[in-house]
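Chemist: Sequence isn't available, so here's the structure alone:
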């Protein structure tokens, strides 16, 4: 009897895995430990793919873990009668559980491609809205100014305070001055490493106003944790007004386009 | 050596293996050649086991220090705080980056890889294939002693100026190549690269030896398809090592040259770090990532396949049932190994690599989930219809299956490139690889220790305390690592000394505190394991040759086996999983049980 109880105890411990596992994911959104608010155009695609995979893997997770529990419960040597089933496998089963997952996984891979291409491959034909240059441990920003070209005399230089217009494509030219960094905008589902020696384009369309965090997501040294910026999404009118104001501030405080700054930011 | 009195039907075999010639007993040279510079695979295996378990403790304590900072940033650190008394016991951020770098380095290069291949590969391969030792005993001895320069390099790096390496275990340049970029990029990083090289030499010596031994030294009758899964896994792991490792070794030397001779393989032109004078340039940071992951992705399978093999053997033994789908199990290991070479780019989806290449790597990465799924289904099939005995080893082995399911499924999220955009470098990936490497491999290693301990020391570990150890480890590991999934869903980034000043993450501190408490419990639980291990080595109940009624060849040798392993030449008549064969009066047929014995037993029960 003691042995049978021990077997039940262990079986139930294994049952706790799917029960508590599902419970954790079920509770997480209500305690705000879940996907942060998404204010981008493409983010809903990424989130729905996340949910799709979550449901798919969730079903497999529960099914296999419950089977594991059930076998442990049922085939306890202290409980089951007679000898174990003498069987070396089943060709049919092997074929079934090879082909079904293979087809599912292949489908899953193909199903992702379009969303990936939207974010990383179908670059809008436009000149950069802003250049972001990562540096230990800050985000240096350069707006092209009135003439719309980077590297000209009217460029606007800022640090860590990124503003972008909503409801239109924005194109960011991402560079790094020193080591690897990663430009992570959680609320628009954007992440891209900044690599010294490379100019990497990043684009998206925000669809809601608000101010959010810019996080560095690639280890860049001792100050990695504090490489924080803010991004503000606002209407085109507010954005233009902000640009004008910042430009006026820059004109008032320093000689235009200091040669050293241009050289550094290149 | 005396012939066995309870011989498992070996009486008809008349070939005895003579005890190997030995120096006269006694004296320092005898002690050195037997216990220190031994060429006996079992002694070398145990040397690896003890060394790696000690490093496991160090790696675990490093993890606790990491967890302390994540849960309570900048609060005085208990015990360790004395090291930085001038800062009021607070950990500096560069110290934190060093901690997680060295935690991963120690766990991967000094624990997981050497405990699987070095400790269990060494101890089990000759015993399970019926050989008296490895093919190249001297190389084997060197494979252990080449670990010592690595131990010293990694160990000493904590004490050099600037501290140990702090560029992450992946050591991405320019952070790792440019001395000005971080305090840990000084001598610590150079020693790190040297240590890595020595680990590589050790692995390569082992790998060559394992392949040769398994191909050439199998006992009569031991065909490749009668090998236990442990041996198949060790064999394929050795092949992976042999083909992947040279790339890492070359890359390591290139990085060393970048640091010492300013070769600039990985540095672009005009790369100004911290206002230091730029190097010559002409290199590419992404090149390192490709070379590093070309080794380190196969290495992920080097770190799991042997555990899968050992778990398969343990599951069949305590389910008293043949392995379900032996050949599919072998083919899926081979499939994982083959596909393992063409998935490395999934570590680089966000790296700036050509995004079209990302699509290719996504497809291959998705497909590598297939052999893992096949293995899981076959393990479930093995338990189905079994007669499960709840030994400690079995509990750990079943938990390997349960936990590997989680680690395998969470990998699919990151294989999907669009989803990876959000969860890349967050706690989601931290959850994923801890489920594979801790909840998977480490639990598999514990299963193997409890299972083969009687063969190693001739005594059995205490089952009651073994189960307490299992229960607490299982609870605490899930408390620590499962919660990381939902942290990852918030986008909580890894490697941040303090993330709570971000508006997005400031509310996550209580959850991290909970995880740290669980991690403390998990490490504390290992005191039970250590006590049980040491006590049982000397005072545990004496085990016979075959305490678990298992089928493998290792169980026909004495416990512990003497030099030369077998007192009789083992002859193999069948595969290793003939449990509960109908018509046989006992529930297992050892690989050495002659067919006539089985047949006569069948005849006896038939009437």
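Modeler: Noted; the coordinates are in hand. If you're wondering where the values come from, they're calculated on a predicted model, not measured in any experiment. Residues are numbered from 1 along each chain as shown, chains lettered A, B, ... in the order given.
Chemist: ok, for the closest residue to chain B within the stretch 101-250 of chain A, nearest residue in space, not its chain neighbours?
Modeler: Closest contact between the stretch 101-250 of chain A and chain B, by Cβ to the nearest Cβ, is at residue A:197 (2.6 Å). Quick note: C-beta positions are derived from backbone N, CA and C, even for glycine. Sequence neighbours aside, residue B:268 is the residue nearest to residue A:197 in space, at 2.6 Å (criterion: Cβ to Cβ, 6 or more residues apart in numbering or on different chains).
Chemist: picking that back up, the residue of the stretch 101-250 of chain A closest to chain B touches residue B:284, doesn't it?
Modeler: Yes: using Cβ atoms under 8 Å, residue A:197 is in contact with residue B:284, at 6.8 Å.
Chemist: Checking my notes, residue A:204 in a strand, right?
Modeler: Yes: the assignment for residue A:204, made by DSSP: H, G, I helix; E, B strand; the rest coil, places it in a strand.
Chemist: hmm, back to that, could you list every residue that touches the residue of the stretch 101-250 of chain A closest to chain B?
Modeler: B:268, B:269, B:271, B:281, B:284, B:285 (Cβ atoms under 8 Å, 6 or more residues apart in numbering or on different chains).
Chemist: The second one against residue B:281, yeah?
Modeler: I take that to be residue B:269. Yes: applying Cβ under 8 Å as the test, residue B:269 and residue B:281 come out as touching, 3.0 Å apart.
Chemist: count of neighbours near residue B:558?
Modeler: 16 (other Cβ atoms under 10 Å in any protein chain shown).
Chemist: So for it, what's the pLDDT?
Modeler: Here, the pLDDT recorded for residue B:558 equals 95.
Chemist: my guess is it meets residue B:545, correct?
Modeler: Yes: counting by Cβ under 8 Å, residue B:558 does reach residue B:545; the two are 6.1 Å apart.
Chemist: which SSE is the residue nearest to residue A:197 in?
Modeler: According to DSSP states H and E, residue B:268 maps onto no helix or strand at all.
Chemist: Do I have it right that it meets residue B:284?
Modeler: Yes: here residue B:268 reaches residue B:284: they are 6.7 Å apart, a contact under Cβ under 8 Å.
Chemist: Where does the residue in the stretch 301-450 of chain B positioned nearest to chain A sit: helix, strand or coil?
Modeler: Residue nearest to chain A within the stretch 301-450 of chain B: residue B:385 (3.2 Å; Cβ to the nearest Cβ). Look at residue B:385: counting by three-state DSSP, its state is coil.
Chemist: tally of neighbours for it?
Modeler: A count of neighbours around residue B:385, defined by other Cβ under 10 Å, yields 19.
Chemist: Quick check: phi and psi at it.
Modeler: With angles defined as degrees, to the nearest 10, residue B:385 sits at phi 80, psi 10.
Chemist: Please parse chain B into its domains.
Modeler: B:42-258, B:304-536, B:544-607 (automatic domain parsing).
Chemist: can you put those domains in a markdown table and add distance to residue A:168?
Modeler: Shown next, in a markdown table, are these (distance: least, Cβ to Cβ, whole Å):
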| stretch | distance to residue A:168 |
| --- | --- |
| domain B:42-258 | 35 |
| domain B:304-536 | 21 |
| domain B:544-607 | 65 |
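Chemist: Quickly note the distance from the spatially closest residue to residue B:221 that is not a sequence neighbour to residue B:312.
Modeler: Nearest residue to residue B:221 in three dimensions, chain neighbours excluded: residue B:572, at 3.4 Å (Cβ to Cβ, 6+ apart). Distance of residue B:572 to residue B:312, given as Cβ to Cβ, to the nearest Å: 18 Å.
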